[in-house]
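In: Need coordinates for the following:
(one chain, ligands or ions: 2)
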Amino acid sequence: MAQAPVNVTVTGAAGAIGYALLFRIASGQLLGTDTPVRLRLLEIPQAVKAAEGTAMELDDCAFPLLAGVDITDNPKQAFDGVNVALLVGARPRSKGMERGDLLEANGGIFKPQGEAINAGAADDVKVLVVGNPANTNALIAQQHAPDVPAERFTAMTRLDHNRALSQLATKLGVSVTDISTMSIWGNHSATQYPDLFHAQVNGRSAAEQVDHAWLEETFIPTVAKRGAAIIEARGASSAASAANAAIDHVYDWVHGTEDWTSAGVVSDGSYGVPEGLISSFPVVARDGKYEIVQGLDIDEFSRARIDASVRELTEERDAVAKLGLV
Ligand SMILES: NC(=O)c1ccc[n+]([C@@H]2O[C@H](COP(=O)([O-])OP(=O)(O)OC[C@H]3O[C@@H](n4cnc5c(N)ncnc54)[C@H](O)[C@@H]3O)[C@@H](O)[C@H]2O)c1
Ligand SMILES: O=C(O)C[C@H](O)C(=O)O
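Out: Numbering: from 1, shown residues only. Ligands and ions are numbered 1, 2, ... in the order given. Below you'll find the predicted structure:
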């Protein structure tokens with residue numbers, strides 16, 4: 001191995017997404033097949049033993065690119081020198097828990113993790129938040145890492161993007177590779193807006209190739225509520241597809257994109273999204289940076305839906321602000 005290993009930290013490493021993610025990272029799918037990685041697994045104390053079991057399995061794969069695995073329940077150790085941080089572990093909503101309780105519980109996780117990233121991360125750190133509510137958890141972590149450029153904190157909407165590609169491809173009987181310039185706007189929640197007005201299929205407007213009733217009454221709700229449908233069907237949240245989307249998000253961030261993709265990034269005020277909110281936009285990746293695609297015309301239909309999702313993000317931000325978390 002000529003190159004120094006890249007430090008990749010995965011939180012919630014003993015969970016379902018962690019299990020689907022770690023082997024793909026270690027095999028080179030996150031950063032490329034010429035880049036060695038050192039994994040740091042962060043778990044809560046009760047799950048450290050399970051993470052050790054996963055580390056034993058990683059050993060047993062004899063991955064040529066895997067330079068080592070460290071396991072800890074201490075965020076400071078987990079993020080010391082980190083280059084890529086995948087914040088997957090989060091507190092799920094339990095019975096009787098209100099939305100405010102969920103935000104507060106997650107604040108207790110993402111505030112110290114943001115602080116630990118601020119204290120110890122490498123200069124080039126890139127952070128992807130997967131754990132829900134992903135956009136607001138990313139905002140909490142970002143707000144507690146004032147020395148890290150804000151654009152290094154992102155939230156995952158790539159799974160929604162991939163779901164949108166797949167639903168449209170199935171509807172039109174085309175390959176996902178025939179579709180370009182797809183985008184997801186807003187929150188990773190049921191209010192998100194998967195946008196067919198800017199998407200193209202074989203170079204022609206996607207919206208013009210489907211009837212409006214399907215777009216409004218089937219496509220948008222199917223994509224936006226797919227997470228709930230998976231939970232209903234599997235009895236558990238999406239895991240392999242979520243891990244796959246995390247791999248796509250980071251791979252593209254590092255290697256660049258030819259087409260648009262979607263990511264929750266810190267708003268610069270583009271498209272009327274309040275500055276500082278972490279909202280999904282159509283983005284491209286260039287030179288190791290995600291950039292919001294600029295200059296799109298937004299019609300009334302899209303405007304109303306983007307605004308509704310951004311309103312939800314604003315309410316989440318206000319709720320965590322009341323708790324002193326941002
Ligand atoms: N953004 C997306 O598209 C998307 C998609 C699917 C799932 N998710 C979310 O990802 C999260 C993880 O899903 P999962 O299926 O792996 O859940 P899981 O319950 O199987 O695993 C979560 C793991 O996180 C750990 N954890 C909890 N608090 C922690 C902390 N403070 N530090 C480190 N680890 C901690 C738990 O011990 C557990 O092992 C959930 O919040 C889920 O809703 C997001
Ligand atoms: O875990 C969830 O609530 C659903 C998840 O975010 C998903 O989109 O599959």
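In: Contact residues of the stretch 151-300 of the chain facing ligand 2?
Out: Leu159, Gly227, Ile230, Ser237, Ser238, Ala242 (C-beta under 6 Å from any ligand atom). Just so you know, the C-beta spots here come from the backbone N, C-alpha and C atoms, and that holds for glycine as well.
In: who wins for neighbours among those residues?
Out: Leu159 (26 neighbours; other C-beta atoms under 10 Å).
In: can you give me the helices for the chain?
Out: Remark: helices assigned in the chain by DSSP state H are 16-26, 48-60, 75-79, 99-120, 134-143, 158-172, 212-214, 220-224, 226-234, 240-255, 300-322.
In: Quick check: residues of the protein near ligand 1?
Out: By the rule C-beta under 6 Å from any ligand atom, the part of the chain lying against ligand 1 is 11-12, 14-18, 42-44, 47, 88-90, 92, 109, 130-132, 134, 156, 159, 188, 237-239, 242.
In: returning to what we had before: most tightly surrounded among the helices of the chain?
Out: Of all these, helix 134-143 has the most neighbours on average by mean count of other C-beta atoms under 10 Å, namely a mean of 28.
In: quick one: contacts of that helix?
Out: With C-beta atoms under 8 Å, 6 or more residues apart in numbering as the test, helix 134-143 has contacts from 87, 90, 103, 106-107, 109-111, 113-114, 117, 127, 129, 131, 148, 150, 153-157, 187-188, 264, 266, 276-280, 313, 316-317, 320, 325-326.
In: what angle sits between it and helix 99-120?
Out: Comparing the axes of helix 134-143 and helix 99-120 via axes from the mean of the first three to the mean of the last three C-alpha atoms, to 10 degrees yields an angle of 40 degrees.
In: pretty sure Asp248 is in contact with Arg158, am I right?
Out: Yes - counting by C-beta atoms under 8 Å, Arg158 is a contact partner of Asp248 at 5.2 Å.
In: For ligand 1, what's its nearest residue on the stretch 1-150 of the chain.
Out: Evaluated by C-beta to the nearest ligand atom, the stretch 1-150 of the chain has Gly15 as its residue closest to ligand 1, separated by 1.9 Å.
In: Surely that residue is in contact with Gly89?
Out: Yes - with contact defined as C-beta under 8 Å, Gly15 reaches Gly89; the gap is 6.4 Å.
In: about what we covered before: let me have the helices of the chain in JSON lines, extended by mean pLDDT.
Out: JSON lines is the format used below for the helices of the chain (pLDDT from 0 to 100):
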{"stretch": "helix 16-26", "mean pLDDT": "98"}
{"stretch": "helix 48-60", "mean pLDDT": "98"}
{"stretch": "helix 75-79", "mean pLDDT": "98"}
{"stretch": "helix 99-120", "mean pLDDT": "93"}
{"stretch": "helix 134-143", "mean pLDDT": "98"}
{"stretch": "helix 158-172", "mean pLDDT": "98"}
{"stretch": "helix 212-214", "mean pLDDT": "98"}
{"stretch": "helix 220-224", "mean pLDDT": "98"}
{"stretch": "helix 226-234", "mean pLDDT": "94"}
{"stretch": "helix 240-255", "mean pLDDT": "98"}
{"stretch": "helix 300-322", "mean pLDDT": "97"}
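In: Any chance of a markdown table for the ones you listed, columns distance to Leu66?
Out: Below are those laid out as a markdown table (distance: least, C-beta to C-beta, whole Å):
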| stretch | distance to Leu66 |
| --- | --- |
| helix 16-26 | 4 |
| helix 48-60 | 6 |
| helix 75-79 | 17 |
| helix 99-120 | 22 |
| helix 134-143 | 26 |
| helix 158-172 | 24 |
| helix 212-214 | 45 |
| helix 220-224 | 35 |
| helix 226-234 | 29 |
| helix 240-255 | 16 |
| helix 300-322 | 36 |
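In: out of those helices, which comes closest to Lys289?
Out: helix 240-255 (8.0 Å; C-beta to C-beta).
In: can you tell me which residues contact Ser241?
Out: Neighbour list for Ser241: Leu159, Asn162, Arg163, Ile230 [criterion: C-beta under 8 Å, 6+ apart].
In: Please state the backbone phi and psi of the closest residue to the last one other than its chain neighbours?
Out: Right, the one you point to is Ile230. The spatially closest residue to Ile230, leaving aside those adjacent along the chain, is Ser238, at 4.5 Å (C-beta to C-beta, 6 or more residues apart in numbering). Here is the backbone geometry of Ser238 (degrees, to the nearest 10): phi -50, psi 140.
In: Run a quick check on Ser238 versus Ala229, I expect a contact.
Out: No - look at Ser238 against Ala229 with C-beta under 8 Å: they stay out of range, at 9.5 Å.
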